[in-house]
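Asker: What follows is a predicted structure for the sequence shown.
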Amino acid sequence: MGGFRPLQRTVEAMKLPDSARALLESDALAHLVTLNADGSPQVTCVWVGLAGDEIVCGHLGRFQKVRNIERDPRVALSVETAVVNPMGLREYLVVHGRARIEEGGAPELLQRLAYTYI
């Protein structure tokens with residue numbers, strides 16, 4: 001099956017802070033939210049990494065999240081940190097943007113991310 005390498009946000013108007021970059025390059029799972037055709041959210045846990053200033057994740061098939069991005073590129077990504085605030089809640093990062101699908105490269109990207117996540 002062909003590889004897909006979506007995600008996700010090209011940060012043109014804003015540079016990612018070092019704290020966000022560190023989190024996105026850690027082993028924290030991300031929650032990718034795409035929009036189903038009826039407008040309802042579709043949430044998937046994904047491995048993420050950085051390619052320059054882009055957040056990337058790989059998919060080995062045309063799963064629902066990929067089909068959703070092809071139809072509507074609006075996405076949100078959330079990642080929970082290990083930092084607990086004074087109220088006892090974990091801090092988290094949320095990124096909103098537009099995703100794009102690039103065919104090919106998913107197996108290599110997932111192999112690279114496996115060194116972080118496994």
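Answerer: Ah, there it is.
Asker: For whichever helix or strand V43 is part of, give the mean pLDDT please.
Answerer: Using DSSP states H and E, V43 maps to strand 41-46. In this model, strand 41-46 carries a mean pLDDT of 97.
Asker: Next: stretch 108-118.
Answerer: Mean predicted confidence for stretch 108-118 is 95.
Asker: Which strands or helices does the longest helix along the chain pack on?
Answerer: As assigned by DSSP state H, the longest helix anywhere in the chain is helix 106-117. Contact analysis of helix 106-117 by 3 or more C-beta pairs under 8 Å, 6 or more residues apart in numbering; DSSP states H and E lists strand 49-51 as its packing neighbours. Any C-beta I mention is one placed from the backbone N, CA and C, and that applies to glycine too.
Asker: Please enumerate residues in contact with the strand holding V43?
Answerer: Outside of strand 41-46, the residues within contact range by C-beta atoms under 8 Å, 6 or more residues apart in numbering are 7, 29-36, 57, 59, 63-65, 68.
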